[in-house]
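Q: Kindly return the folded structure for what I paste below:
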Amino acid sequence: MTRWRYRLAAGGVAALAAVAGCGGPSSLSGAITLDGAPLAGATITLHPSDPGSGAVMVVGATKADGTFVITPAAGKSIARGTYKMTLSKRADPTPAESAAMVVTRETVPEKYSNLTKTELTVTVPTGGDVVLNLTR
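A: I've put the predicted structure just below:
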């Protein structure tokens with residue numbers, strides 16, 4: 001291989017490595033408790049702190065034991081950066097509320113469920129599981 005072709009190939013590999021390194025992890029996992037009990041059936045939403053970063057909102061849910069794995073659409077990754085996290089869990093509707101299609105009350109405190117008031121942030125990549133032990 002001539003010196004010119006070698007440099008071109010090496011430059012292409014370096015550029016490819018730089019682009020591949022820009023993505024974040026393919027998933028984010030952890031566990032959430034509220035007042036010592038697993039926060040089961042809650043929706044977790046990660047909102048990019050910098051709207052101009054190109055990162056997109058990512059949504060997941062907790063299992064019965066409060067654990068979660070947030071995995072974006074196939075072939076995607078969670079962009080590196082800082083996110084505000086909101087949690088939401090609505091009260092189970094009564095039969096009358098279900099029939100009337102009423103949105104039930106939020107059971108998670110506003111300091112975690114409201115985007116403008118949330119105290120929760122996550123920096124991706126995390127270096128491990130996200131474990132949140134929250135209190136009312």
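Q: If we ignore the residues flanking it in sequence, what's nearest the residue nearest the centre of the chain?
A: The chain has Leu46 as the residue nearest its centroid, 4.1 Å off, counting by C-alpha atoms, centre = their mean. Once flanking residues are discounted, Leu46 sits nearest to Tyr83: 4.0 Å by C-beta to C-beta, 6 or more residues apart in numbering. Where C-beta positions appear, they are placed from N, C-alpha and C, glycine not excepted.
Q: rewinding a little: does the residue nearest to the centre of the chain lie in a helix or a strand, and which?
A: Element membership of Leu46 [criterion: DSSP states H and E] is strand 43-48.
Q: Pull up the pairing partners for that strand, direction included.
A: strand 58-61 (antiparallel), strand 81-88 (antiparallel) (DSSP bridges).
Q: neighbouring contacts of it?
A: 28, 32, 55-62, 68, 70, 78-79, 81-89, 115, 122, 124 (C-beta atoms under 8 Å, 6 or more residues apart in numbering).
Q: Report the separation between the residue nearest to the centre of the chain and Val124.
A: Note on Leu46: its distance to Val124, by C-beta to C-beta, to the nearest Å, is 8 Å.
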